[in-house]
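> Got a predicted structure here, sequence first:
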Amino acid sequence: MPIIQVENLFKRYNGVEAVKGVSFDVKEGETFGFLGPNGAGKTTTISILCTLLNFDSGVALVNGFDCKREPHKVRSSIGLVFQEITLDNELTAYENLKFHCYLYNMNRRVAEERIEEILAVVGLSDRRNDIVKKFSGGMKRRLEIARGLLHRPRVLFLDEPTLGLDPQTRSHVWEFIHKLKKTVGNTVFMTTHYMQEAEVCDRIAIIDNGGIIALARPDELKRSLKGDTIYIKTSDDEKAKTEIREKFGLSARVTDAGLSVLVEGGEKFIPKLFDRLTTEVLSVNLKKPSLEDVFINLTGREIRDYGPAARFRG
Ligand code: ADP
């Protein structure tokens, strides 16, 4: 049985349709990514699954428990790391973690071991007795993630887990999540708009405008593009687009990065392009398929066009 089951989920906020008929399953032990731009409906979906938000219709089950009817059972079997900082500023790092251990009824010896282990992982062992108020935004995020992992939940929910962290801390966090997966085998459900993070997921659902527009393994998504993407800037993109259709039988898309054309064997196509196009070519870029290209191909936009995540408060 899947550890997360979502069927035809709908959520409206005062007329805004945030989630429109989303369906997916997550298998036990999977790292499942919800990839999408700001405003796509990622936080709404994850909040529903964590029982922090009610939904209008559909089915949402986590660990076999119904998110609507059995919220307490759902909550006791999951870990959460949200974008908002929810640490107690007046307590030390150690006290924040200890408090969490009490809430989860962890025995004292296990709690002490896990606190030490997790503080080392997030690089905060030497700050264990400092009050959180003095921490930087990045340090607070690290502590927040440490706390979410402390009780080794069957499903760990991460909402934009590394937003605002420096690249080194981001990679430490990911290393730890992978290590944890190997030892405990827990499921990770994460939302992100970072393509690189999505690459490490076992499967990804791409969400845009409240709906899932693709769901597969990252390599499958990339293979679905069937070729390389060539970005071409010209003196007249509309004219070049027509020429590309007439001379090569290919359909080009107008994007902010210029015309984009999907071709097999991009290296061989570029010389032919220069040879046969009468429109002046200003620049050409060849890109092997990436998740960004998958997104552009599906939506016609780049993920960063949507602007920074609104809720990030560092
Ligand atoms: P994401 O996490 O992908 O950035 P959200 O789930 O936060 O997207 O938002 C999806 C849509 O719902 C957006 O149009 C957003 O403006 C809207 N929305 C989110 N929260 C609220 C709210 N509390 N009230 C009204 N609209 C909201």
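Looks like it arrived, so ask away.

> any idea which element residue 295 lies in?
According to DSSP states H and E, residue 295 maps onto helix 291-299.

> and that helix, which residues are buried?
Going by neighbour count (16 or more other Cβ atoms under 10 Å), the buried part of helix 291-299 is 291, 292, 293, 294, 295, 296, 297, 299. For glycine as for every other residue, the C-beta is placed from the backbone atoms N, C-alpha and C.

> Tell me which residues touch the first one, please.
This points to residue 291. Listed by Cβ atoms under 8 Å, 6 or more residues apart in numbering, the contact set of residue 291 reads 35, 195, 198, 199, 204, 218, 221, 222.

> Was I right to think the fourth one contacts residue 218?
Pointing back at residue 199 there. Yes: the criterion here is Cβ atoms under 8 Å, and residue 199 meets it with residue 218 at 5.3 Å.

> higher neighbour count, these two?
Between residue 199 and residue 218, counted using other Cβ atoms under 10 Å, the more crowded position is residue 218 (20 against 15).

> Show the contacting residues for that one.
The neighbours of residue 218, taking Cβ under 8 Å, 6+ apart as the test, are 198, 199, 201, 203, 204, 291.

> which one of these is nearest the ligand?
residue 198 (13.3 Å; Cβ to the nearest ligand atom).

> where does the closest one land on pLDDT?
Looking at residue 198, its pLDDT is 85.

> Surely it is in contact with residue 204?
Yes: using Cβ under 8 Å, residue 198 is in contact with residue 204, at 5.2 Å.

> who touches both of those two?
Common contacts of residue 198 and residue 204 (Cβ under 8 Å, 6+ apart): 33, 35, 218, 291.

> Secondary structure and distance to residue 142 for the contacts of residue 291 - can I get that in CSV?
Output for the contacts of residue 291, formatted as CSV (DSSP: H, G, I helix; E, B strand; the rest coil; distance: Cβ to Cβ, whole Å):
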residue, secondary structure, distance to residue 142
35, strand, 23
195, helix, 22
198, helix, 21
199, helix, 22
204, strand, 25
218, helix, 26
221, helix, 30
222, helix, 31
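
> With distance to residue 8 added, can I get those residues in JSON lines?
Listed next are the contacts of residue 291 as JSON lines, based on distance: Cβ to Cβ, whole Å:
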{"residue": "35", "distance to residue 8": "21"}
{"residue": "195", "distance to residue 8": "28"}
{"residue": "198", "distance to residue 8": "24"}
{"residue": "199", "distance to residue 8": "29"}
{"residue": "204", "distance to residue 8": "20"}
{"residue": "218", "distance to residue 8": "26"}
{"residue": "221", "distance to residue 8": "23"}
{"residue": "222", "distance to residue 8": "28"}
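
> hmm, which of the residues you listed are the buried ones?
Among the contacts of residue 291, those classed as buried by neighbour count (16+ other Cβ under 10 Å) are 35, 195, 198, 204, 218, 221, 222.
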